[in-house]
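# Mind looking at a prediction? Sequence and model below.
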2 protein chains.
Amino acid sequence: MKVLILGGGGMVGQKLAQQIALHGLGGQTADITLHDIAFPPAPIAGSKQVVGSITDAGVAGELAKTKPDVIFHLASIVSGEAEADFDKGWAVNMHPTWALLEGLRAEHEADSNYRPRLVFTSSIAVFGGPYPDKINDEFLSAPQTSYGAQKSICEAMISDFSRKGFVDGISIRLPTICVRPGKPNAAASSFFSGIIREPLNGQEAILPVSDSTRHWHASPRSATGFLTHAATLDTELLQGRRALNLPGVSCTVAEQIDALRDLAGNDVVKLIKPQPDPVIEKIVEGWPRDFDPKRAIALGFMAESSFKEIVQVYLDDEM
Amino acid sequence: MKVLILGGGGMVGQKLAQQIALHGLGGQTADITLHDIAFPPAPIAGSKQVVGSITDAGVAGELAKTKPDVIFHLASIVSGEAEADFDKGWAVNMHPTWALLEGLRAEHEADSNYRPRLVFTSSIAVFGGPYPDKINDEFLSAPQTSYGAQKSICEAMISDFSRKGFVDGISIRLPTICVRPGKPNAAASSFFSGIIREPLNGQEAILPVSDSTRHWHASPRSATGFLTHAATLDTELLQGRRALNLPGVSCTVAEQIDALRDLAGNDVVKLIKPQPDPVIEKIVEGWPRDFDPKRAIALGFMAESSFKEIVQVYLDDEM
């Protein structure tokens, strides 16, 4: 089985490649190609790296010509960057998806047996307030960021190309992935990981929002599980609605901190330094806080059931 | 005030131009330009016609350079054609909207005072079943046609360009417009008008679906009213959700026929010939049947309150 991971150099792409290299996908071994503009220094055994930009003319079509059986489309710039650089956001987060779909459709039309599974990482950023207490599976997408608009548009394209039978697509709206390993990044959500990761590594972490802030999380391990499950499930079960809210853990920052205290003690928690940042507070205020993802759960998607489990995954997988 | 109507040669575009030529827009007289690939023989007094295709490279940008104060974007191929010709559907119903938005944004960036009102005719085709009894203002878009996907994507683009302040856009999801004057067209919804219009003109009409079929209607006069209202309302009131379900009349085909009987008598009704067409039945089965459009009503959008009123509008305006 040929697997292509777009955005394969990122944190989730790398974990996914590792998982598939070790365990295969859907019971088959996989020939894995990772595509990204840059990669970490150590390549993943059993995978091939291709350096390039999917924004370059012809690149998506060339990748389609390799006729992967499964394409994981994770390539994207983050919310903050798409908001700061409008042109770049659309150039990276929207137009290449169209080019990829057209490339895959051309392969399908040349060979009607070719109809690849396309797994797209969408985001809870497709939603915009005001919200109900829990967002259900029928709640509208009304994004309040360019990133969310771009994700929502890609979902609609993928659904329509799938409905027509050119590809077999599914869009999964990832919760905020927490605890991210490594360094803080430019995302406004970076602190959700930082307040756990930095203290566990003996460093101070800034908490820029009130500890009553509620948000929606899943671990990197769950993210990998979402992706491999989306790659192998029977898409007939989606009944034409090919964008899914995923399971996750809804908790407040105070509950995140309690979980850290339970697992690592109060001295570690003391490394969290509250320092309200009105800019970040305003962004985070606009984000979804809780979901009732019945469909995804019925389809077998699984996440952690508490934030303590999420911290434990970080301890197990990263430390 | 400069008004540009894209798709100005169509039935709704022509009625809108007539209305604005006679009564102005928002209390101002208007310099009206109509753009379309073709026009009816008799031009509308007080308007300028430009023949061309918005799918041609550079055309949307050229139109933006004329810096209209209000743009009505009605240009589109119908649902049936977009379904039959996949390339043409995306080429007409999606890509030119992007080019138009980029053109308007370039004008805004050259002159920050320029931020035109953009009124986009979306459609209830952005929805896909299964449906609740009444679709409320928070129900998801899950289109089951390419036409619906294209409309939904244009909505998301227009919302984001508006959120960024480049344009001041609003997307209105028109009900099926009924009773359309003139000839039947290729749309699967054509019979909803045909079963009223043809008998009133002494001709037989085919009814291809069961008379228990429920659908969502508004008159051409309401369509004009929706458009002029959307062009003049305070978009701050939209609070960032710039795509709106509009008011209309939900009724069954049997109720349509009762209304015709009330106004025109039983001999006219006898000209309706039931002749079930499984293809049309299947398409129509997938369409929305009823709405609870609270937001649009609160914002002052108005439609008829019964199908009898809709038939009366046809009698008043067309006969």
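Noted; the coordinates are in hand. Numbering: from 1, shown residues only, chains lettered A, B, ... in the order given.
# For the residue of the stretch 201-319 of chain A at minimum distance from chain B, give its distance to A:Ala57.
Chain B sits closest to A:Arg241 of the stretch 201-319 of chain A, with a gap of 4.9 Å, by C-beta to the nearest C-beta. The C-beta positions use only the backbone N, C-alpha and C, and glycine is treated the same way. Taking C-beta to C-beta, to the nearest Å as the criterion, A:Arg241 is separated from A:Ala57 by 33 Å.
# Settle it for me: which of those two has more neighbours?
It is A:Arg241, of A:Arg241 and A:Ala57, that has more neighbours when counted by other C-beta atoms under 10 Å in any protein chain shown, with 17 against 7.
# And the helices in the stretch 201-319 of chain A?
With helices called from DSSP state H, counting those that start in this stretch, the stretch 201-319 of chain A shows them at A:220-232, A:253-264, A:266-269, A:278-285, A:294-298, A:307-318.
# Could you check the fourth one and say which residues are buried?
Neighbour-count burial for helix A:278-285, with 16 or more other C-beta atoms under 10 Å in any protein chain shown as criterion, is recorded at A:Ile280, A:Ile283, A:Val284.
# With the longest one instead?
When burial is assessed from 16+ other C-beta under 10 Å, helix A:220-232 yields the following buried residues: A:Pro220, A:Arg221, A:Ser222, A:Ala223, A:Thr224, A:Gly225, A:Phe226, A:Leu227, A:Thr228, A:His229, A:Ala230, A:Ala231.
# would TSV of those residues with distance to B:Ser141 and pLDDT be doable?
What follows is the buried residues of helix A:220-232, written out as TSV (distance: C-beta to C-beta, whole Å; pLDDT from 0 to 100):
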residue	distance to B:Ser141	pLDDT
A:Pro220	30	98
A:Arg221	32	98
A:Ser222	27	98
A:Ala223	26	98
A:Thr224	29	98
A:Gly225	28	98
A:Phe226	23	98
A:Leu227	25	98
A:Thr228	28	98
A:His229	25	98
A:Ala230	21	98
A:Ala231	25	98
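# count of neighbours near the nearest residue to A:Phe291 once chain neighbours are set aside?
In space, and not counting its chain neighbours, A:Phe291 is closest to A:Ile135: 4.8 Å by C-beta to C-beta, 6 or more residues apart in numbering or on different chains. Taking other C-beta under 10 Å as the criterion, the count of residues near A:Ile135 is 21.
# at contact distance from chain B, anything in the longest helix seen in chain A?
Of all the elements of type helix in chain A, the one with the most residues (DSSP state H) is helix A:146-163. Yes: when contact is scored as C-beta under 8 Å from any C-beta of the partner chain, part of helix A:146-163 falls within range of chain B: A:Ser146, A:Ala149, A:Ser152, A:Ile153, A:Ala156, A:Met157, A:Ser159, A:Asp160, A:Arg163.
# follow-up on the earlier one: right, and the residue of the stretch 201-319 of chain A closest to chain B touches B:Ala142 too?
Yes: with the criterion set as C-beta atoms under 8 Å, A:Arg241 and B:Ala142 qualify as a contacting pair; they are 4.9 Å apart.
# And the strands in chain A, which stretches?
Listed from the start of the chain, chain A has strands (DSSP state E) covering A:2-6, A:31-36, A:47-51, A:70-73, A:117-123, A:168-174, A:176-177, A:205-207, A:214-218, A:243-245, A:249-252, A:272-274.
# Quick one: closest of the ones you listed to B:Arg214.
Between B:Arg214 and these, the shortest gap by C-beta to C-beta is with strand A:243-245, which sits at 27.1 Å.
# ok, the closest residue to chain B within the stretch 151-300 of chain A - contacts?
The stretch 151-300 of chain A approaches chain B most closely through A:Asp160 (4.0 Å), counting by C-beta to the nearest C-beta. Residues in contact with A:Asp160 (C-beta atoms under 8 Å, 6 or more residues apart in numbering or on different chains) are B:Pro143, B:Ser146, B:Ala149.
# ok, back up a step: tell me the one of the buried residues of helix A:278-285 nearest A:Gly8?
Of all these, A:Ile283 has the smallest distance to A:Gly8: 28.0 Å, by C-beta to C-beta.
# Next up, phi/psi of A:Arg115, please.
phi -150, psi 80 (degrees, to the nearest 10).
# Okay, it and chain B: tell me how far apart.
15 Å (C-beta to the nearest C-beta, to the nearest Å).
# Distance of that residue relative to B:Thr224?
The separation that A:Arg115 has from B:Thr224, given C-beta to C-beta, amounts to 44 Å.
# With A:Phe120 instead?
Using C-beta to C-beta, we find A:Phe120 at a distance of 40 Å from B:Thr224.
# what's the answer for A:Ala99, then?
Remark: distance between A:Ala99 and B:Thr224 (C-beta to C-beta) = 39 Å.
# A:Ala82 contacts A:Ser123, correct?
No: counting by C-beta under 8 Å, A:Ala82 stays clear of A:Ser123, with 10.8 Å between them.
# Give me the common contacts of those two.
A:Tyr147.
# Name the nearest residue to A:Arg242, ignoring sequence neighbours.
Going by C-beta to C-beta, 6+ apart, A:Arg242 has A:Ser159 as its nearest residue, at 4.5 Å.
# tell me the contacts of A:Leu104?
Contacts for A:Leu104 (C-beta under 8 Å, 6+ apart) come out as A:Ala64, A:Ile71, A:Pro116, A:Leu118, A:Phe161, A:Phe166, A:Val167.
# so how many other residues sit close to the second one?
By other C-beta under 10 Å, the residues close to A:Ile71 number 26.
# That one: what's it in contact with?
A:Val3, A:Leu4, A:Ile5, A:Leu6, A:Leu63, A:Leu100, A:Leu104, A:Pro116, A:Arg117, A:Leu118, A:Val119.
# any idea how far it is from chain B?
Applying C-beta to the nearest C-beta, one obtains 20 Å for the distance of A:Ile71 from chain B.
# got a list of what the residue of the stretch 1-150 of chain A found nearest chain B touches?
Nearest to chain B in the stretch 1-150 of chain A, going by C-beta to the nearest C-beta, is A:Ala149, at a distance of 4.0 Å. A:Ala149 makes contact with A:Pro143, B:Ala156, B:Met157, B:Ser159, B:Asp160, according to C-beta under 8 Å, 6+ apart.
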